[in-house]
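Undergrad: Curious how this folds, go ahead:
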Amino acid sequence: MARYRELFLDPDYTVDELPGYEMPDAANAFISFEAIPPRSRYQFLLDDSRFFIMGFMKGPVCRGQVALNVVEDHLWVFFSSPHSLDSKETQEELDGVADYMQMPSSTQTLRLLEAYKKYWELQKAYLAVRNQYLAEQFQKKGDVAFPGIWDGDGTNPNAALTIFRNFDSAAVHFGLVGDYPETAWIIDCPLFERIHYLLVAGFDVYGNVGHQLNARLFMSFLRMEGEDRFLTYLPRADRQKIRDGWYQGIREKQSKKYFAEPMEWNNMKSPIEFETGDPQRELYDIGIRHLGPMAGPIDYLNRCAGPECVSSGKTEAIRSADAMMRRLADTNPDTIANVPDLLLTARLVVVDDPKGGCAGDVRSGHAGSGHRAVLSAGKG
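TA: Numbering: from 1, shown residues only. Below is the predicted model:
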């Protein structure tokens, strides 16, 4: 209660009239809750970002493979700093684009092409304004390692999240888990609110197919917005090549045919000076250092610093097992592409036996005098 009071009751603002229920304004959080300071609304979401992201990953909107494939199977999520909303110019910028934030939450139409054109035109208008605003903010980067990115104020583990997607479901974890992912998102206040109101608060579980398809289509807009925001931190010379690597096959064809978005973000100067030939991995490392403990524990299996990397504080047996798991983690995916998802593995272990020999049952086999062969099976 003290936190809610700090966010919503203590700030000095005036509510002249309560929001109505008329569409389409009622489906637009930036109009309905215009009186509440954006900083308060955004901080409320950030405080429990994992819960809100899981709201659509685990909710009815994402039941099934068609819905879940809007996101990659492994990605990291960073968040824009709420401190950027403290300035008057930022609040004015959000007020000026509120009409562009319309979403298909209230749409129950099967005229998908008509709906797509309407919302995509609004999205492009918003992106044009946002890109200009970002370019101005990047010029005020200051001395922060990862400018404009929230670090959880050093205490909140919701500062960074990892999403793992399988065929028709997904999991959301605190911190940056696993190997360096192919893609990442940077979510700011307008993006976070639109994701929540599109897929959770405004999603009609009893809506028709048109409503569901429009929500899925609009989420593609929002995914690209988060990905492109991440790309703006990379060198201009590398952005398009990296993005082309994300959009291949049918995704590339759909992107060029249906999602020809404003590309002003591709011309911005990055606020970071890179020193290596792999800027994306370098940016991930910068993000890890920027987040500090909020990035999660060191990943000894997937992001080992070198051959001397060990799992500190653990036993020799665990360090040995970790070393073997690192070899598996480094396996080329093409090598195991034809391996089934579930295996039964057999392991032959030869150990010294001072008595020489052993019983020949199904759990063990004779390996010669002075040794014992143990055959163990298990899931892998």
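Undergrad: Which element, helix or strand, includes the residue lying closest to Ala171 once chain neighbours are set aside?
TA: Once flanking residues are discounted, Ala171 sits nearest to Phe164: 4.9 Å by C-beta to C-beta, 6 or more residues apart in numbering. The C-beta positions use only the backbone N, C-alpha and C, and glycine is treated the same way. If you go by DSSP states H and E, Phe164 is part of strand 161-165.
Undergrad: May I see the buried residues of that strand?
TA: 161-165 (16 or more other C-beta atoms under 10 Å).
Undergrad: Can you spell out which helices and strands pack onto it?
TA: helix 49-57, strand 74-79, strand 170-174 (3 or more C-beta pairs under 8 Å, 6 or more residues apart in numbering; DSSP states H and E).
Undergrad: Sheet-wise, list the partners of it with their directions.
TA: Sheet pairing for strand 161-165, assigned by DSSP bridges, gives strand 74-79 (antiparallel), strand 170-174 (antiparallel).
Undergrad: Just the angle for the last one relative to helix 49-57, thanks.
TA: Our comparison of strand 170-174 with helix 49-57, counting by axes from the mean of the first three to the mean of the last three C-alpha atoms, to 10 degrees, yields an angle of 180 degrees.
Undergrad: Name the spans of this protein whose pLDDT lies under the cut-off.
TA: Per-residue confidence for the chain (pLDDT under 70) gives these ranges: 62-67, 106-110, 112, 141-143, 249-264, 305-313, 343-380.
Undergrad: Report the central residue of it.
TA: Val77 (3.4 Å; C-alpha atoms, centre = their mean).
Undergrad: In contact with that one, which residues?
TA: 49, 53, 160-163, 184-187, 226 (C-beta atoms under 8 Å, 6 or more residues apart in numbering).
Undergrad: bridging residues for it?
TA: Residues in beta-bridge contact with Val77 (DSSP bridges): Leu161, Trp185.
Undergrad: In the stretch 201-350 of the chain, mark out all the strands, start to finish.
TA: 344-352 (DSSP state E, counting those that start in this stretch).
Undergrad: before we move on, the earlier item: dump the strand holding Phe164 to CSV, keeping only the CA atoms.
TA: Taking C-alpha atoms only, strand 161-165 is exported to CSV below (Å, rounded to 0.1, in the frame of the first residue of the first chain):
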residue,chain,number,x,y,z
LEU,A,161,14.1,-10.9,-18.1
THR,A,162,14.7,-14.0,-20.2
ILE,A,163,11.9,-15.5,-22.3
PHE,A,164,12.1,-19.2,-23.4
ARG,A,165,9.5,-20.3,-25.9
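Undergrad: And that strand, how far out from the chain middle?
TA: Centroid separation for strand 161-165 versus its chain: 6 Å, with C-alpha atoms, centre = their mean, to the nearest Å.
Undergrad: same thing with stretch 131-140?
TA: 23 Å.
Undergrad: Name the residues of that stretch that are buried.
TA: Result for stretch 131-140 [16+ other C-beta under 10 Å]: buried residues 131, 133-134, 137-138.
Undergrad: Which ones among the residues you listed map onto helices?
TA: Among the buried residues of stretch 131-140, the ones falling in helices (DSSP state H) are 131, 133-134, 137-138.
Undergrad: between the residues you listed, which is nearest Asp153?
TA: Gln137 (19.9 Å; C-beta to C-beta).
Undergrad: surely that closest one meets Gly148?
TA: Yes: Gln137 is in contact with Gly148 according to C-beta atoms under 8 Å; the separation is 6.5 Å.
Undergrad: tell me, what's touching those two both at once?
TA: Ser84.
Undergrad: okay, stretch 99-118 in CSV with CA atoms only?
TA: Below are the C-alpha coordinates for stretch 99-118, written out as CSV (Å, rounded to 0.1, in the frame of the first residue of the first chain):
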residue,chain,number,x,y,z
ASP,A,99,-4.1,9.3,-30.7
TYR,A,100,-1.5,7.1,-32.5
MET,A,101,-1.7,4.5,-29.7
GLN,A,102,-5.0,3.0,-30.9
MET,A,103,-5.1,-0.8,-30.8
PRO,A,104,-7.4,-3.5,-32.1
SER,A,105,-8.6,-4.4,-28.6
SER,A,106,-12.1,-3.2,-29.4
THR,A,107,-12.1,-4.6,-32.9
GLN,A,108,-14.4,-7.5,-33.8
THR,A,109,-14.1,-7.4,-37.6
LEU,A,110,-13.2,-10.0,-40.2
ARG,A,111,-12.0,-7.3,-42.5
LEU,A,112,-8.4,-8.0,-41.6
LEU,A,113,-6.8,-6.0,-44.5
GLU,A,114,-8.8,-2.9,-43.6
ALA,A,115,-8.0,-3.2,-39.9
TYR,A,116,-4.3,-4.0,-40.7
LYS,A,117,-4.0,-0.8,-42.8
LYS,A,118,-5.7,1.4,-40.2
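Undergrad: Good, wrapping up.
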